[in-house]
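In: Turn this into a model:
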Amino acid sequence: MSDIFISYARSTAKQAQAVAEALRALGYHVWRDDELPAHRAYAEVIEERLAAARAVVVIWSAEAAKSQWVFSEANRAREDGKLVQLTVDDARLPMPFDTIQCADLAGWSGDPAAPGWRKVVDSVAALVAGAGAAAAASEAAPALPAKPSIAVLPFANLSGDPEQDYFADGMVVEIVSALSRFKSIFVIAAGSSLSLKGKGLSPQAAAAQLGVRFVLEGSVRKAGGKVRIAVQLIEAQDGGQIWTHRFEDTLEDIFALQDKVALTVGAMIEPTIATVDTRRVVKRPTENMGSYDCCLRARSVVAQLTEASVAEGLRLAERAIALDPDYGEAATLAARMHFLAGLYGWTDAPADHTRTALELARRAVRLAGDDAEVISQAAVILVYLDDDTASAVALADKALGLNPGSVTVWQSSGVVRLQIGDTDLAVEHFETAMRLDPMGPDRTPTRWGLTMARFQQGRFAEAAALARQMIQTSENPTSYALLAASLGHLGQPTAAAEALAGYRRRTPQPVETYARAVWRDPAPRKLFLDGIALAEARDPAEASSG
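Out: Just a heads-up that it's a prediction; the model follows:
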């Protein structure tokens, strides 16, 4: 939902647009009624947006003072304690708003330093920040796990180069991955931790949102051939610093540096960690820093799930393989890119991509050793493309045994269970992944799986809601396809047709071809295609009679 709701009268639409654009330029999400969807009731949307906004900016004018809509919206904002007033003419404000501070923006031309505008900006900032803190405090914090729990917060990039943000984020991902292999520690997924980046939360607030007892803060300074990591471990209850340390090494030995951080933090939290898990943590996935760097970049771009991002991810993954042919993660990344290119028809030779994806997945399994994430992601490719689904299940189980703290492992296992028809178990595994990753952008694959599961269970309203959440964070064509089929079954043919059009704008792949690739089982495939038929027909009765 939006940070700011703007209330105004028609005669001041131009001023409302200027205010909205100025606030958006400051990074706020702004909503006004020119964004009303065509398929929903006006009053319903207004009430929903008004309730969700953190600040309500009311633009008073002679016409607004006579408007029942503006008065009602302003009064609701006043009662909720989130009213910001400004006036653009000399009209007298209606009671009781004439007793509340109101910024004078008569004749405002967009000057960011204008006193009236500064008053508006300061009020909005205070309300949005306060609402964010209140929302965080009011949400039911996840219960603390029985075993020691930790979140690795976003590391500060001190390199002076914004382009190196991906490296600092990648360091967080790798340390989380290493820590999650300790079965005696509950570790929040890197995606949820990184979602707090730039939000200015205190360690205690971050820990409360994520449901952990400890947080690890740090910074990365990368210069020349060296990297320095400074970290501090904080106990969330009182904000006390338990331990701080600085690690420094050459880039040629970056994994040793990650190991030092992970092992030392793990030892501070849980001194009874088994020796076998410690040995597993220190195993290096690759000695080639160029290959590792390419994989970091590939992970970053493919999350967008567009034709261009998959093509770029494939280029980077193939470069990683060229630099280190024995790097298991590079093989799984390349397999995933080939699979996606074939699935969505983002290629002139889909069969070639599909065949290559299968070959790379099998190769990744041979290279993986006991790398649970590589094994689990290879299992996903294999359950779709290989006839031996039992082997894919065995690989998913093996990965869970190796690293039950990895969100990727639980996500992948859920997808495998979906493909073999064990939908209830798939839901359990997706929900476990959600608990490990309660806030991060990496939840999109989990939502995708959960949407598929709810659809297969015939819970179309839940599937539609989840699909809409995915659309907000990803361009994945699957989001639109599942939304279209769900809305078709729910008897909303117009909205279903719009969602189906969204799918077709993002992929040339015929829906029937996509369905055969995604569903092995003919029963959910038919359920999906029936929903698509309803979306295409627009008239459910006509579609069912045909």
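In: which residues sit in contact with residue 372?
Out: Taking C-beta atoms under 8 Å, 6 or more residues apart in numbering as the contact definition, residue 372 lies against 181, 398, 399, 400, 402, 403, 406, 409. Just so you know, the C-beta spots here come from the backbone N, C-alpha and C atoms, and that holds for glycine as well.
In: just the residues you listed: which has the poorest pLDDT?
Out: Checked by pLDDT, those have residue 181 as the lowest-scoring entry (73).
In: Does it touch residue 405 like I think?
Out: Yes. In this structure residue 181 lies within contact range of residue 405 using C-beta atoms under 8 Å: 6.8 Å.
In: of those two, who's got more company?
Out: Under the criterion of other C-beta atoms under 10 Å, the comparison of residue 181 against residue 405 puts residue 181 first, with 26 against 22.
In: What's the separation between the more buried one and residue 154?
Out: As judged by C-beta to C-beta, to the nearest Å, residue 181 and residue 154 stand 21 Å apart.
In: got it, and residue 292?
Out: Residue 292 sits 20 Å away from residue 154, taking C-beta to C-beta as the criterion.
In: Repeat that for residue 12.
Out: In terms of C-beta to C-beta, residue 12 sits 41 Å off from residue 154.
In: isn't there a strand covering residue 231?
Out: Yes. Counting by DSSP: H, G, I helix; E, B strand; the rest coil, one finds residue 231 located in a strand.
In: What does the closest residue to it other than its chain neighbours show for phi and psi?
Out: For residue 231, ignoring the flanking residues on the chain, the nearest one in space by C-beta to C-beta, 6 or more residues apart in numbering is residue 218 at 4.0 Å. Backbone dihedrals for residue 218, given as degrees, to the nearest 10, come out at phi -170, psi 180.
In: count of neighbours near residue 218?
Out: Burial measure for residue 218: 24 neighbouring residues, criterion other C-beta under 10 Å.
In: hang on, isn't it packed against residue 234?
Out: No. With contact taken as C-beta under 8 Å, residue 218 and residue 234 are classed as non-touching, separated by 10.9 Å.
In: ok, how many other residues are close to residue 66?
Out: Here the number of neighbours of residue 66 (other C-beta under 10 Å) works out to 12.
In: Kindly report the same for the one 4 residues further on.
Out: Neighbour count of residue 70, defined by other C-beta under 10 Å: 21.
In: and if you look at residue 472?
Out: A total of 8 residues lie near residue 472 under the criterion other C-beta under 10 Å.
In: Could you check which helix or strand contains it?
Out: For residue 472, the host element (DSSP states H and E) is helix 460-473.
In: likewise residue 93?
Out: Using DSSP H and E, residue 93 falls outside every helix and strand.
In: Where do the strands of the stretch 101-250 of the chain begin and end?
Out: The residue ranges that make up the strands of the stretch 101-250 of the chain, judged by DSSP state E, counting those that start in this stretch, are 103-104, 149-152, 156-157, 186-187, 214-223, 226-235, 240-250.
In: Could you dump the ones you listed into TSV with mean pLDDT and distance to residue 32 added?
Out: Supplementary listing: those in TSV, determined by pLDDT from 0 to 100; distance: least, C-beta to C-beta, whole Å:
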stretch	mean pLDDT	distance to residue 32
strand 103-104	88	18
strand 149-152	86	37
strand 156-157	85	36
strand 186-187	86	42
strand 214-223	84	38
strand 226-235	83	41
strand 240-250	78	46
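In: which of those strands is buried the deepest?
Out: Counting by mean count of other C-beta atoms under 10 Å, strand 149-152 has the highest mean neighbour count of the strands of the stretch 101-250 of the chain, with a mean of 28.
In: and it, C-alpha only, in CSV?
Out: Backbone C-alpha positions of strand 149-152 (Å, rounded to 0.1, in the frame of the first residue of the first chain) are rendered in CSV as follows:
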residue,chain,number,x,y,z
SER,A,149,18.6,-17.5,16.5
ILE,A,150,20.3,-14.9,14.4
ALA,A,151,19.9,-12.5,11.5
VAL,A,152,22.8,-11.1,9.6
